[in-house]
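Student: here are the coordinates; sequence isn't available:
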Ligand SMILES: Nc1ncnc2c1ncn2[C@@H]1O[C@H](COP(=O)(O)OP(=O)(O)OP(=O)(O)O)[C@@H](O)[C@H]1O
């Protein structure tokens, strides 16, 4: 006997009625994506579960990969046996024998296959009784708080027996809620905001503005490394790199310093709007949090938002910095984000940025900026890179 299967359960998905099959397919595709580095595994859908066959692959690294995938409620290492009472009893006994220090247990049987001749209640008794007969006398049944809960899941073609579940990332599978164009900098906040959107089923495409030679290759590399880290959560991610030097130098020359930041952000937002339109994306997102810096006041958001009619999603709007940092540490982006780098927003950074810029003021100073032409040029020069969970270090470096 061999514990060489994983049973994956999904929670919220089950609530989604007619969309269920679509979501299941997405989840399966996302699971397959993160399992790509493991050559020997196979994942398939069966009656409300996803079953992963490990073959010769080890469980631990696969467990690690699965805990990140949004849409998984929980999963368990499982023993697959024939739909026969004897095989189920032997399997459950074997599974319990693999565990250390077990004083109490219970059996939770579920019969998705109603043609199986024993119902769930009877199965609990028959399997529990068999275990008690064949284990030491000190072992007891505890239905409320057992050391081990043996689940027996009788499916159409086979029965899966498990002895405990690992919590999944929950949420919705990436892609279930459409696509969002996310403004990704190399800072702490925007990767966290992207991760939160992914958790609600959004597929994110990244838009990053860089200004060589003021920002260097390492800054670009950092954004790709952050994106690569985010692919762990269940999808491939496209990164659109926008050359921004020309626009920034132009603004720096033509606009009074206290409106430079606002006009620069409006240009970013216009470019995002155009890219979203081209790609059929319905919303833009960023890592802004209310009141954090000059550009993140309500007045500033109001003035910057004016240039797009698309919804601008701000998952971190009401989140404290401390909580954002804790989140970044949890998802593995923090150590990358704190590496020193030059963001394009910090070059030529004026010290007198208006914290309460007005729409009228912005429109007035934009008269001196070739808004349309500069945005079009920038959009035409975008470089797009697709990153997957299996893109390795050397491939990331070769992208340049
Ligand atoms: N170079 C950039 N490319 C794309 N988006 C950017 C860039 N710089 C900033 N942004 C977007 O604007 C938001 C606000 O940026 P800002 O520099 O004001 O704040 P921040 O606290 O440094 O944010 P972060 O930690 O996400 O960099 C970022 O969260 C990000 O969504």
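Tutor: That came through, no problem. Quick caveat: nothing in here was measured; it's all calculated off a predicted structure.
Student: Roughly how far does residue 138 sit from residue 270?
Tutor: Going from residue 138 to residue 270 by CB to CB, to the nearest Å gives 72 Å. No exception for glycine: its C-beta is placed from N, CA and C like everyone else's.
Student: Tell me the pLDDT of residue 243.
Tutor: pLDDT for residue 243: 95.
Student: count of residues packed around the residue of the chain found nearest the ligand?
Tutor: For the chain and the ligand, the shortest gap (CB to the nearest ligand atom) falls at residue 187, measuring 2.1 Å. Look at residue 187: counted by other CB atoms under 10 Å, it has 19 neighbours.
Student: which ones are touching it?
Tutor: 287, 337, 343 (CB atoms under 8 Å, 6 or more residues apart in numbering).
Student: sec struct for the residue nearest the centre of the chain, please.
Tutor: Nearest residue to the geometric centre of the chain (CA atoms, centre = their mean): residue 233, 3.4 Å. At residue 233 the chain is in coil, as set by DSSP: H, G, I helix; E, B strand; the rest coil.
Student: That one and residue 199, how far apart?
Tutor: Distance, residue 233 to residue 199, using CB to CB: 8 Å.
Student: Need the residues touching each of those two.
Tutor: With CB under 8 Å, 6+ apart as the test, residue 233 and residue 199 both reach 70, 169.
Student: Residue 138 and residue 270 - which one has more neighbours?
Tutor: residue 270 (21 against 8).
Student: In a helix, the more buried one, correct?
Tutor: Yes: secondary structure of residue 270 (three-state DSSP): part of a helix.
Student: my read: residue 47 touches residue 154, true?
Tutor: No: using CB atoms under 8 Å, residue 47 makes no contact with residue 154, being 10.6 Å away.
Student: For the two, indicate the residue with more neighbours.
Tutor: Legend: neighbour count by other CB under 10 Å for residue 47 and residue 154, higher for residue 154 (23 against 11).
Student: tell me the contacts of the more buried one?
Tutor: Residues in contact with residue 154 (CB under 8 Å, 6+ apart) are 83, 88, 109-113, 116, 123.
Student: Closest to residue 173 out of those?
Tutor: residue 112 (21.6 Å; CB to CB).
Student: My understanding was that that closest one contacts residue 157; is that so?
Tutor: No: with contact defined as CB under 8 Å, residue 112 and residue 157 do not form a contacting pair (10.7 Å).
Student: what about residue 318, how many neighbours?
Tutor: By other CB under 10 Å, neighbour count at residue 318 equals 9.
Student: Check the secondary structure at it for me.
Tutor: From three-state DSSP, the assignment for residue 318 is coil.
Student: Against residue 293, how distant is it?
Tutor: Distance of residue 318 to residue 293, computed by CB to CB: 16 Å.
Student: ok, now residue 346?
Tutor: Distance from residue 346 to residue 293, by CB to CB: 11 Å.
Student: same thing with residue 71?
Tutor: Computed as CB to CB, the residue 71 to residue 293 distance reads 34 Å.
Student: just residue 330 next, same as before
Tutor: 24 Å.
Student: Likewise for residue 341?
Tutor: Remark: distance between residue 341 and residue 293 (CB to CB) = 17 Å.
Student: the more surrounded of those two?
Tutor: residue 341 (19 against 13).
Student: Pull up the per-residue confidence for that one.
Tutor: Value for residue 341, per-residue pLDDT: 72.
Student: Specify the local secondary structure of it.
Tutor: coil.
Student: Do I have it right that it meets residue 219?
Tutor: Yes: because the distance of 4.4 Å satisfies CB under 8 Å, residue 341 is recorded as touching residue 219.
Student: Next secondary structure element downstream of the helix or strand harbouring residue 229?
Tutor: Secondary structure from DSSP states H and E places residue 229 in helix 217-231. The element immediately downstream of helix 217-231 (helix or strand, assigned by DSSP H and E) is strand 237-243.
Student: Quick check: neighbours of that following strand in the sheet, parallel or antiparallel?
Tutor: strand 203-210 (parallel), strand 383-387 (antiparallel) (DSSP bridges).
Student: out of those, deepest packed?
Tutor: strand 203-210 (a mean of 24; mean count of other CB atoms under 10 Å).
Student: Kindly report the residues of this protein close to the ligand.
Tutor: Contact residues (CB under 6 Å from any ligand atom) of the chain with the ligand: 183-185, 187-190, 207-209, 286-288, 292-293, 295-296, 343-345.
Student: can you give me the helices for the stretch 151-300 of the chain?
Tutor: In the stretch 151-300 of the chain, the helices defined using DSSP state H, counting those that start in this stretch lie at 189-199, 217-231, 245-254, 257-279, 298-305.
Student: so which of these is the most packed in?
Tutor: Neighbour counts (mean count of other CB under 10 Å) averaged over each of the helices of the stretch 151-300 of the chain peak at helix 189-199, with a mean of 25.
Student: ok, and what's touching that one?
Tutor: In this structure, residues lying in contact with helix 189-199 by CB under 8 Å, 6+ apart are 70, 169-172, 174, 180, 182-184, 204, 206, 226, 229-230, 233-235, 285-289, 313-316, 324, 327-328, 331, 333, 336-337.
Student: And for stretch 293-306?
Tutor: Stretch 293-306 has contacts (CB under 8 Å, 6+ apart) with 261-262, 265-266, 269, 288-291, 312, 353-359, 361-362.
Student: List only buried entries from the residues you listed.
Tutor: For these, a burial check counting by 16 or more other CB atoms under 10 Å picks out 261-262, 265-266, 269, 288-289, 312, 353-354, 357, 359, 361-362.
Student: Which pair in the residues you listed has the greatest spatial separation?
Tutor: With CB to CB as the measure, no two of the buried ones among the contacts of stretch 293-306 lie farther apart than 289 and 361, at 23.8 Å.
Student: Now do the same contact list for the closest residue to residue 71 other than its chain neighbours.
Tutor: Using CB to CB, 6 or more residues apart in numbering and skipping the chain neighbours, the partner closest in space to residue 71 is residue 173 (3.3 Å). For residue 173, the contacting residues are 13, 23, 26-27, 30, 69-71, 201, 234, by CB under 8 Å, 6+ apart.
Student: If anything else comes up later, I'll come back, but that's it for now.
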